[in-house]
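> here is a sequence together with a model predicted from it:
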Amino acid sequence: MGLILLALMFIPVIGVLRSSVKGTAQSLHLVRAFQAARAVVDTAEAFPYAELTDDALKTAVDALDLPDGVEKPRLDPIKTLTGAGSPANAGVDAKVVTVRVGWQKTEGKEERSEVVLHGLVLRAR
């Protein structure tokens, strides 16, 4: 009788451990997705302003190694802003890079989410 009671006490503990492992894997994939997006933005920021184009960035991103649990980064077209919208920024041009990295929320399931990160490459005129 005591052995059965002891076994029944561990059932809730097993449930907690299972949800803890699920949460850990989800957090790991989120961190990896953010790191992949950050690597793309870092790559874009390494380009000289004039050489940063959609094709050049795509070629550089294709060479990046991606960890498990994240999808290949998707790049929005680069937006070029001249004067950055205010008189105080009249002598500054900016290229805005937007990257989207999908990640798997739950191992073995189709649940997914996406990290979106923006980066700026500036040039003073």
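That came in fine, so what should we check first? Note that the structure is a prediction, hence the values are computed from the model and not measured.
> quick one, helices of this protein?
2-46, 54-62 (DSSP state H).
> mean pLDDT lowest where, among the ones you listed?
Per-stretch mean pLDDT for the helices of the chain is lowest at helix 2-46 (a mean of 72).
> so Phe34 makes contact with Val115?
Yes: if you go by Cβ atoms under 8 Å, Phe34 and Val115 touch, sitting 5.2 Å apart. Where you see a C-beta, it was placed from the backbone N, CA and C, and this is true even at glycine.
> and these two? which has more neighbours close in?
Taking other Cβ atoms under 10 Å, Phe34 and Val115 do not tie; Val115 has more neighbours (21 against 15).
> that one touches Arg74, doesn't it?
No: using Cβ under 8 Å, Val115 makes no contact with Arg74, being 10.9 Å away.
> between the two, what contacts are shared?
Contact criterion Cβ atoms under 8 Å, 6 or more residues apart in numbering; residues shared by Val115 and Arg74: Arg100, Val101.
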